[in-house]
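Engineer: here is the input, now give the coordinates:
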Amino acid sequence: MESQTLEIETLGIDTVRILAADAVQKANSGHPGTPMALAPMGHLLWSRFMEYNPKNPNWANRDRFILSNGHACMLQYSFLYLTGYDISLDDIKNFRQLNSKTAGHPEYGLAPGIDVTTGPLGQGFANGVGFAIGQKHLAARYNQPGFDIFNYKIYAICSDGDLMEGVASEAASVAGHLELGNIIYLYDDNHISIEGDTDITFNEDVGKRFEAYGWHVQTVTDGNDLNAMANALLNAKMETQKPSIIKVRTQIAYGSPNKINTAGAHGSPLGADEVKLVKQFFGFDPEKSFVVPDEVLAYYQEKGARGGEAEKKWNDLYAQYKEKFPELAAEYELFSSGKLPAGWEEKLPVFKGSDPKMATRQASGKVLNSIAASLPALIGGSADLSPSTDTILKEFTSFTPEQRDGRNFHFGIREHSMGSILNGMALTKGVIPYGATFLMFSEYMRPPIRLAAIMKIRPIYVYTHDSIGLGEDGTTHQPIEQLASLRSIPRITVIRPADANETSQAWRVALEHQDGPVALILTRQGLPILDQDKYAKATGLEKGAYVLSEASKTPQIILMATGSEVSLIMQAQAKLEEDGISTRVVSMPSWELFEKQDAAYKETVFPKAIKKRLAVEMASPMGWHKYTTDEGDMLGMTTFGESAPAEDLYKHFGFTVDNVVKKAKALL
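Structural biologist: The predicted model follows:
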């Protein structure tokens, strides 16, 4: 019986190797060598270790799998197909083709069984830390004695390239510090990168490095040794205090006589003749492609079917849990559905025009602390800047190794991994994560922001210190091009509120939003609170732009601005009206929200007949022409800032009432 098992396992592993070579060859594009080397590793995960259900890829207590070296995706696609997910052999044949489920890197939402979109190396490694945090937090909040509802593991395969990227180092440090013992990573130590042997750039002792991070480290010297890898995986499952990494020495393009252990097998097809040699090596017919023996398909489908039984047991347990803990179950079901509790928005604070000036970062902190008790799924923190970003939930504890139900996260000075960790958290149903830093340092987060937008998931970014208004810190800390840069990302929603009430509404929109990340852009400096009894209500923010203060008669000019500059154009409006120039003021906190409105609404805000328009924003003018048109103008920043008190900078760069009035009159 043992020899029969070994025989089918070997045949299954070899089938996956050849599928990978065939698919890359047919596409004439891709990375065949790594999935060929990793087939034994994938076999163990999908046949023995991971709990998953191909018939319900989103089962809440499934183990998560991340292919951080996403270029090796033919490994994942092959096992998804073989174990019974909704991926066909035709999908495998259409690898890397237009409208195929089998894209060149795994894409969340495109193919079932893909838990996260990976591509840029290091991202998946860091996403896994977010997944692990999400599991620990759900378990702490919802598990009860006798009801281990959430106890899944986070499995990942990563590569030399992943471990070279800085984001992986940041995330590994976080995971070790937080003692995330639910992480089991397999490190594909194949010594090959695109430029050749990794020893040209990478000869550190990875094991010692991860031990220093606080990880449990094991080494397997032969990636074809199933018993050694299985024992290491068992040890990793038993280690619940530390995250685990298993260093597995593999041979890229194993089975390829001429390409094994060469960079030539990394990013290019093997070549038709070499693929035939691979098939001969493994005893397959060299003239046939995409061959899956019936017994191999039956074997893996039986392994996949076990997940249905595992989910049924879990569903029975959850039904009992729901009877015994109905409130907890109802709360989890509500938040995991993406919905919010009825009436939560009634907790949003409303600020009076007579209140003293307030920075929008400060208003954001008041909003967070007003709604936190009503939204237990809302968790987050900052990159060591919570006193400055005002993102601490004051009535709640911090997430630590001892206190997994804490809702305040301390990411450390690690913006890049914070962004990637937020993505893993956002992909954990029942969790609404936010992360904060200065707007300038959003630059460190660009890869995960982009991936969040691609995945259509909703981490919330709190970016403060949003302009030259932060003052003395100077050019290195004053964002100029960041607003235009963020707005250029498809499917992100950028909101720059004008005052405390718009900030309150910005949080409402962010929390109700479902289709991509939201960035809240907030001030360091205090701003006047616009009187909602005198001017339009801040609820207009949900439309992206609205008439805040109407002209005394038919407008001759429209002044538009975002954020702190709205109060500036309000003062300019008063002066222009005194001079007999009827002036409309438009607050425009979000271009993206405005672009979702219909043409009729847009016409009410920016009538085509009113062509004289002036935009004011302490940032790059890029993109504003769409709204100012050819007969308008834009007062923005075309240089970097300077180090000086904010008021001096406003004068120096022309952000004064007199200069706004002067520019408006020049247009007329």
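Engineer: for the rest of this, base every contact and every neighbour count on C-alpha atoms.
Structural biologist: Noted.
Engineer: host element of Glu502?
Structural biologist: Taking DSSP states H and E as the criterion, Glu502 maps to helix 500-512.
Engineer: oh, that last question was meant for Lys55, not what I typed.
Structural biologist: Here Lys55 is assigned to no helix or strand, by DSSP H and E.
Engineer: circling back to that earlier point, who touches the following helix or strand past the helix holding Glu502?
Structural biologist: On the C-terminal side of helix 500-512, the closest following helix or strand by DSSP H and E is strand 518-521. Contact partners of strand 518-521, identified using C-alpha atoms under 8 Å, 6 or more residues apart in numbering, comprise 439, 458-464, 466, 492-497, 506, 510, 563.
Engineer: the residues you listed in helices, which ones?
Structural biologist: Per DSSP state H, helices hold the following members of the contacts of strand 518-521: 506, 510.
Engineer: now stretch 571-588: buried residues?
Structural biologist: For stretch 571-588, the neighbour count (16 or more other C-alpha atoms under 10 Å) marks 572-576, 581-588 as buried.
Engineer: what's in contact with the lowest-mean-pLDDT helix or strand in the chain?
Structural biologist: Sorting the helices and strands of the chain by mean pLDDT, DSSP states H and E puts strand 192-193 at the bottom, at a mean of 74. By C-alpha under 8 Å, 6+ apart, the list of residues contacting strand 192-193 from outside reads 160-161, 198, 252, 261-263, 266.
Engineer: go again with 7 Å.
Structural biologist: The contact list for strand 192-193 (C-alpha atoms under 7 Å, 6 or more residues apart in numbering) reads 198, 262-263.
Engineer: repeat for stretch 141-150
Structural biologist: 61, 135, 138-139, 318, 321, 328, 405.
Engineer: ditto for stretch 286-303
Structural biologist: For stretch 286-303, using C-alpha under 7 Å, 6+ apart, the contacting residues are 8, 11-12, 15, 19, 22, 47, 82-84, 276, 279-280.
Engineer: sorry, back to before: so after the least confident helix or strand of the chain, what's the next helix or strand?
Structural biologist: strand 196-197.
Engineer: run the chain-centre distance for that next one.
Structural biologist: Centroid separation for strand 196-197 versus its chain: 31 Å, with C-alpha atoms, centre = their mean, to the nearest Å.
Engineer: please apply the same query to stretch 598-608.
Structural biologist: Stretch 598-608 sits 34 Å away from the centroid of its parent chain (C-alpha atoms, centre = their mean).
Engineer: try stretch 97-116
Structural biologist: 16 Å.
Engineer: for that stretch, which outside residues touch it?
Structural biologist: With C-alpha under 7 Å, 6+ apart, stretch 97-116 has contacts from 57, 64-66, 70-71, 73, 77, 80, 85-86, 91-92, 94-96, 117-119, 455.
Engineer: how about 6 Å then?
Structural biologist: Applying C-alpha atoms under 6 Å, 6 or more residues apart in numbering, the contact partners of stretch 97-116 are 57, 70-71, 73, 95-96, 117-119.
Engineer: would you turn the buried residues of stretch 571-588 into TSV with distance to Arg450, secondary structure and pLDDT?
Structural biologist: Formatted as TSV, the buried residues of stretch 571-588 follow (distance: C-alpha to C-alpha, whole Å; DSSP: H, G, I helix; E, B strand; the rest coil; pLDDT from 0 to 100):
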residue	distance to Arg450	secondary structure	pLDDT
Ala572	37	helix	98
Gln573	38	helix	98
Ala574	41	helix	98
Lys575	42	helix	98
Leu576	42	helix	98
Ile581	44	coil	98
Ser582	42	coil	98
Thr583	38	strand	98
Arg584	36	strand	98
Val585	33	strand	98
Val586	29	strand	98
Ser587	27	strand	98
Met588	23	coil	98
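Engineer: dump the residues you listed into a markdown table; add distance to Asn143 as well.
Structural biologist: Below are the buried residues of stretch 571-588 laid out as a markdown table (distance: C-alpha to C-alpha, whole Å):
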| residue | distance to Asn143 |
| --- | --- |
| Ala572 | 58 |
| Gln573 | 57 |
| Ala574 | 59 |
| Lys575 | 62 |
| Leu576 | 63 |
| Ile581 | 65 |
| Ser582 | 62 |
| Thr583 | 59 |
| Arg584 | 56 |
| Val585 | 52 |
| Val586 | 49 |
| Ser587 | 46 |
| Met588 | 45 |
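Engineer: of those residues, which is the nearest to Gly181?
Structural biologist: Set against Gly181, the nearest of those by C-alpha to C-alpha is Met588 (46.1 Å).
Engineer: for the residue lying closest to the closest one once chain neighbours are set aside, what are its contacts?
Structural biologist: Nearest non-adjacent residue to Met588, counting by C-alpha to C-alpha, 6 or more residues apart in numbering: Ala545, 4.0 Å away. By C-alpha under 6 Å, 6+ apart, the contact set of Ala545 is 587-588, 594.
Engineer: would you convert the residues you listed into CSV that also reports distance to Ser643?
Structural biologist: As requested, the contacts of Ala545 are arranged in CSV below (distance: C-alpha to C-alpha, whole Å):
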residue, distance to Ser643
Ser587, 28
Met588, 28
Phe594, 34
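Engineer: which one of those is nearest to Pro479?
Structural biologist: Nearest to Pro479 among these, counting by C-alpha to C-alpha, is Met588 at 18.9 Å.
Engineer: give me the sheet partners of the least confident helix or strand of the chain and which way each runs.
Structural biologist: Counting by DSSP bridges, the strands paired with strand 192-193 are strand 196-197 (antiparallel).
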